[in-house]
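> Provide a 3D model corresponding to the input given below.
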Amino acid sequence: MRRSIPTLLFAVIFTAYCFGQTADILPADNLVTDGIPTIPAQIAKDVARYTEFRSASLLSWHPSKHEMLITTRFADVPQVHYLKFPGGARTQLTFFTDRIGGASFNPLRDDCFVFNKDVGGGEWFQNYRFDIATGDITLLTDGKSRNTLGIWSRDGRRMMYGSTRRNGKDIDFYIVDPMDPKSDSMFAQLSDGEAWSPEDWSEDGTQVLVHREVSANQSFIWLFDVKTGKRTLATPQEKGEEIAYQGALFSKDGKGFYTVTDRESEFLRLAYVDLSSGKHAYLTMDIPWDVDEFDISKDGKTIAFSVNEDGSSALHLMDAATRKEIPAPKLPPGLISGLQFHKDGTLLGFNMVSAHSANDIYTLSIADQKIDRWTFSETGGLNVGSFPEPELIRWKTFDGKMISGFLYRPPAKFTGRRPLIINIHGGPEAQFRPAFLGRNNYYLNELGAAIIFPNVRGSSGYGKTFLKLDNGVKREDSYHDIGTLIDWIKDRPDLDGSRIMVTGGSYGGFMTFAVATIYNDAIRCSLPVVGITNFVTFLEHTEAYRRDLRRVEYGDERDSSMRAFLEKISPLNKAQNVTKPMFVVQGKNDPRVPYTEAEQMVSTLKKQQTPVWFLLAKDEGHGFAKKKNQDYQFYATVMFMKEYLLK
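From the prediction side, this is the model:
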């Protein structure tokens, strides 16, 4: 019988270190491999330090003390930990074999918090109450449907959350007193298969702001009456107009709310919406970038928000009464997320990540502008200060538009033109922004490969017009953005245009499949992760609760003309063009991109005798979350690159 991966790796590495013997790493029973050669233990030894990066994220402030719940990984997956002060010990509270999705303290009592988790990456999240005195855990949801963590009422007596409990497709709203699971009841029955999420309770608990997403380009804010269930559209749109809203928080007096919107703008701006008139007041008109996220102090006096300035984050503070900015510290280049005021308003918590630091937790003291770092995540003993900063690059694509991306170069010890990895982000409406590269640093520092992270058309961060450039029948235009990037690479004296590997995850996995079919002769190999291979089979089998949202982006396969177009551009139907080696990675429990998408491509490639490696994890979903599985994928990737890219 095979041993578990941690036990197996210890035995293999111990033997290799202590006795100088050669041993092999074999996949555990949870991994299905096809075409992947035996992995020598030496690879695990070589890459070991690059597998020991940790990170931490702020989950929830203690309701009264300057202490917090955080998520970090001590063993295989991220769990809830308790942290009492900056640089303090992280006390682990949950001990599951699967990751924690989120956690939130009751706003008025410190004896419990609510958290959610799924099983095996399937994203069928359940909510639980954790009692701090005893460590007892109580299930709050049905154990079967998909549930969001939800939001607390201001008095801490109720939580509103979304659930697919009724039919597995539509997200309805439920209200529960977490101290009494039997109080759980449906509040609002919703439909249309769209993404509805509660955002904020009013101070008096009578109303809730709700976000409804139709697509990345169109969303609304609704106002729900908690007593009657009546809903009112707070952000009406003109017919034929597409406006996006992100987030919504009540003002202190309850007469309006703050949100982020691209209404009357190319970019997302912070705005205040008056509930009686519907009038929008734009608070960041002088900032020509997207506002990423925001939070408001509980006394309603201070607004904190972050801005995406060409990929890097800038922190801003604003006086809510005067709507004028107040001094905020300039932070080092990096990305900010998770803005969260403590209840007393004196501290702002947030996460920050950079090229030289994994995601860690910081606080800003509003009174004296003092920054404190709360976590110092381990980096495997590596000197992360030496990791490279990226270069912002731009190239002209086929239709004259400028496309941008970030180039990471290997150290100067690697001379000559360097082999290259093109790593395409997911989404598709996401954006690559410079952050900590984790294991990718091994490819740079030890293998001498450069990496480019392109932001092709359809990426966010460049205005709503750019965001729409790949929608529907424009899908193939984004492929050509990569084609012109390949041409640009060939003209660079420091890059080897004859040695290119394309990779990416989720939508980036789809793009990898597409590029491999169209630009087969221009690349050495490809590595798609949890990617779509056929839009029609994908739309027919992705989980029902997200299907309609994806149809808005990709097209509706039920329409005969659109179905024909989707079949025409799908990589599976062009697989005969693929002759270069491909390494396909997939999670068996993936609710977004079913594992059958990968299997049908692998089967086709094998039949036509294209070299193909396949890795399927039976205990993972949309990407690998468990360290042991990430490690095996990493070992196999290094071997794949050495065999097909670096030679």
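
> max-length helix in the chain?
Secondary structure of the chain read by DSSP state H shows that its longest helix is helix 627-644.

> what residues of that helix count as buried?
Applying a neighbour-count criterion of 16 or more other Cβ atoms under 10 Å, one finds 627-641, 644 buried in helix 627-644. For the C-beta atoms, the positions are set from N, CA and C on the backbone; glycine is no exception.

> let me see the mean pLDDT of that helix.
The pLDDT scores in helix 627-644 average 97.

> with stretch 537-556 instead?
In this model, stretch 537-556 has a mean pLDDT of 89.

> compute the first-to-last residue distance for it.
With Cα to Cα, to the nearest Å as the measure, the first residue of stretch 537-556 is 12 Å from its last.

> what lies in contact with that stretch?
Residues lying outside stretch 537-556 but in contact with it, judged by Cβ atoms under 8 Å, 6 or more residues apart in numbering, are 123, 146, 164, 168-171, 192-195, 213-216, 428-429, 471-473, 475, 532, 535, 557, 562, 565-566, 572, 591-594, 596-597, 600.

> all helices of the stretch 301-450 of the chain, in order?
For the stretch 301-450 of the chain, helices defined by DSSP state H, counting those that start in this stretch occupy the ranges 440-445.

> I misspoke; the intended subject was the stretch 1-150 of the chain.
Taking DSSP H, counting those that start in this stretch as the criterion, the stretch 1-150 of the chain carries its helices at 5-19, 41-47.

> least reliable of those helices going by mean pLDDT?
Lowest mean pLDDT within these: helix 5-19, at a mean of 41.

> report pLDDT for Thr379.
89.

> contacts only, for it.
By Cβ under 8 Å, 6+ apart, the residues touching Thr379 are 52-54, 358.

> distance check, it against Val273.
Using Cβ to Cβ, to the nearest Å, one obtains 43 Å as the distance from Thr379 to Val273.

> just Val502 next, same as before
When distance is defined by Cβ to Cβ, Val502 is 43 Å away from Val273.

> looking at those two, which is more packed in?
Val502 (28 against 22; other Cβ atoms under 10 Å).

> among the contacts of stretch 537-556, which lie within strands?
By the criterion of DSSP state E, membership of the contacts of stretch 537-556 in strands covers 195, 213.

> which among the contacts of stretch 537-556 end up buried?
The neighbour-count criterion (16+ other Cβ under 10 Å) marks 123, 146, 164, 169-171, 193-195, 213-216, 428-429, 471, 475, 532, 535, 557, 562, 565-566, 572, 591-594, 596-597, 600 among those as buried.

> what sits against the closest residue to Lys343 other than its chain neighbours?
Of all residues not flanking Lys343 in the chain, Lys298 sits nearest, at 5.2 Å (Cβ to Cβ, 6 or more residues apart in numbering). Neighbouring residues of Lys298 by Cβ under 8 Å, 6+ apart: 341, 343-345.

> which pair of those spans the longest distance?
By the measure Cβ to Cβ, Phe341 and Asp344 form the most distant pair in those, at 8.6 Å.

> more neighbours, those two?
The residue with more neighbours, out of Phe341 and Asp344, is Phe341; 22 against 14, by other Cβ under 10 Å.

> does that one touch Ser297 like I think?
Yes. With contact defined as Cβ atoms under 8 Å, Phe341 reaches Ser297; the gap is 4.6 Å.

> spit out the residues that contact those two alike.
Ala304.

> now the nearest residue to Lys252 once chain neighbours are set aside, what are its backbone angles?
Counting by Cβ to Cβ, 6+ apart, Gly300 is the residue found nearest to Lys252 once chain neighbours are left out, at 2.7 Å. Summarising the backbone geometry of Gly300 under the convention degrees, to the nearest 10, its torsions are phi 80, psi 10.

> which residues touch Gly300?
Contacts of Gly300 (Cβ under 8 Å, 6+ apart): 251-253, 320.

> then Asp110?
Asp110 makes contacts with 62-65, 132, as judged by Cβ under 8 Å, 6+ apart.

> okay if I get these as TSV plus pLDDT?
Listed next are these as TSV, based on pLDDT from 0 to 100:
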residue	pLDDT
His62	97
Pro63	96
Ser64	96
Lys65	97
Ile132	95
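
> by neighbours, which of these wins?
In terms of neighbour count, Pro63 stands highest of the contacts of Asp110 at 19 neighbours, by other Cβ under 10 Å.

> for that one, phi and psi?
The main-chain torsion angles of Pro63 are listed as degrees, to the nearest 10 and equal phi -60, psi -20.

> surely it touches Asn106?
Yes. Contact between Pro63 and Asn106 holds when scored by Cβ under 8 Å: they sit 6.6 Å apart.

> okay, and the common contacts of the two?
Common contacts of Pro63 and Asn106, defined by Cβ under 8 Å, 6+ apart, comprise Gly156.

> before we move on, back to that, from the contacts of Gly300, list just the buried residues.
251, 320.

> for the longest helix of the chain, packing partners?
In this structure, helix 627-644 makes packing contacts with helix 5-19, strand 31-34, strand 39-40, helix 41-47, helix 440-445, strand 525-529, strand 582-587, strand 612-617, judged by 3 or more Cβ pairs under 8 Å, 6 or more residues apart in numbering; DSSP states H and E.

> tell me what the third one is packed against?
Helices and strands touching strand 39-40, as assessed by 3+ Cβ pairs under 8 Å, 6+ apart, comprise strand 24-25, helix 627-644.

> quick one: Thr484 is in a strand?
No. Counting by DSSP: H, G, I helix; E, B strand; the rest coil, Thr484 is located in no strand; its state is helix.
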